[in-house]
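In: Okay, here's the prediction I keep looking at, along with the sequence it came from:
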Amino acid sequence: MNAAGTLTWTPAAERTDLLAAPVAAAIATLPSARVAEIDPELADTAAFCEAYGSPAEFSANCVVVAGRRGGETKHAAVPVLASDRADINGVVRRHIDARKISFAPMAEAVEITGMEYGGITPVGLPADWPVPVDVAVVAAGEVVIGSGVRGSKLLVDATELAALPSVEVLALALG
């Protein structure tokens with residue numbers, strides 16, 4: 001099994017028109033990244049995996065969280081395999097040194113990332129954001145992640161993802 005499914009993948013640097021602006025600006029940090037156009041109605045993980053034959057264990061969701069401590073709010077992006085759930089209230093909350101943590105509201109996540117809901121990705125985020133990535137994402141090898149828009153997906157070498165400056169690989173999955 002592999003992440004590619006039935007899609008036709010093109011080097012992402014050649015098709016920046018399929019990426020959100022912040023992702024296109026940062027795509028050179030992932031030289032192996034490939035992009036495929038998809039039906040935006042199938043961008044949500046379960047629908048995407050079923051329609052394009054890409055197993056959930058090779059597809060990483062990226063959630064935006066907002067952690068608060070002493071009146072200060074810090075955002076983080078948390079990629080975890082679609083087949084797993086991240087320990088947001090434990091590991092992630094402690095990692096970003098927050099007293100309280102929650103998923104960022106959709107409108108806020110879209111505004112501060114410059115990406116579409118359902119396409120948010122760890123590529124092209126603000127430089128000061130922590131990006132704790134689950135160890136299983138890296139272990140998966142090639143993974144499908146968002147492209148910043150709902151109309152495409154990225155296929156990336158997870159070791160390149162793990163090497164991004166704000167990424168720290170942690171054991172995040174519950175159970």
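Out: Structure's in. What do you need? All values derive from a computational prediction rather than experimental measurement. Numbering: from 1, shown residues only.
In: for stretch 166-175, what is the average pLDDT?
Out: Over the span of stretch 166-175, the pLDDT mean works out to 86.
In: Just the buried residues of that stretch, please?
Out: Neighbour-count burial for stretch 166-175 flags 166-167, 169-170, 172-173 (criterion: 16 or more other CB atoms under 10 Å). Placement of C-beta: from N, CA and C, glycine included.
In: how about the helices in the chain?
Out: 21-26, 45-52, 93-95, 106-113, 135-139, 158-162 (DSSP state H).
In: Buried residues in the third one, which are they?
Out: Okay, so that is helix 93-95. 93, 95.
In: for stretch 63-75, same thing?
Out: Of the residues in stretch 63-75, 63-67, 74-75 count as buried by neighbour count, 16+ other CB under 10 Å.
In: most distant residue from the middle of this structure?
Out: Most distant from the centre of the chain: Gly70, at 27.9 Å, with distances by CA atoms, centre = their mean.
In: Skipping adjacent residues, who's closest to that one in space?
Out: Distance criterion CB to CB, 6 or more residues apart in numbering; nearest residue to Gly70, sequence neighbours excluded, is Arg99 at 7.5 Å.
In: Please verify my assumption that that neighbour contacts Gly71.
Out: No - the criterion here is CB atoms under 8 Å, and Arg99 misses it with Gly71 at 10.4 Å.
In: pretty sure Leu161 is touching Val137, no?
Out: Yes - Leu161 lies in contact with Val137 (CB under 8 Å); the separation is 7.2 Å.
In: Widest-spaced pair of the buried residues of stretch 166-175?
Out: Maximum pairwise distance in those, criterion CB to CB, is 20.1 Å, between Ser166 and Ala173.
In: so where's the chain uncertain?
Out: Applying pLDDT under 70 to the chain picks out residues 1, 175.
In: can you give me the strands for it?
Out: Using DSSP state E, the strands found in the chain span residues 10-11, 34-37, 60-69, 72-81, 100-103, 131-134, 142-146, 152-157, 167-170.
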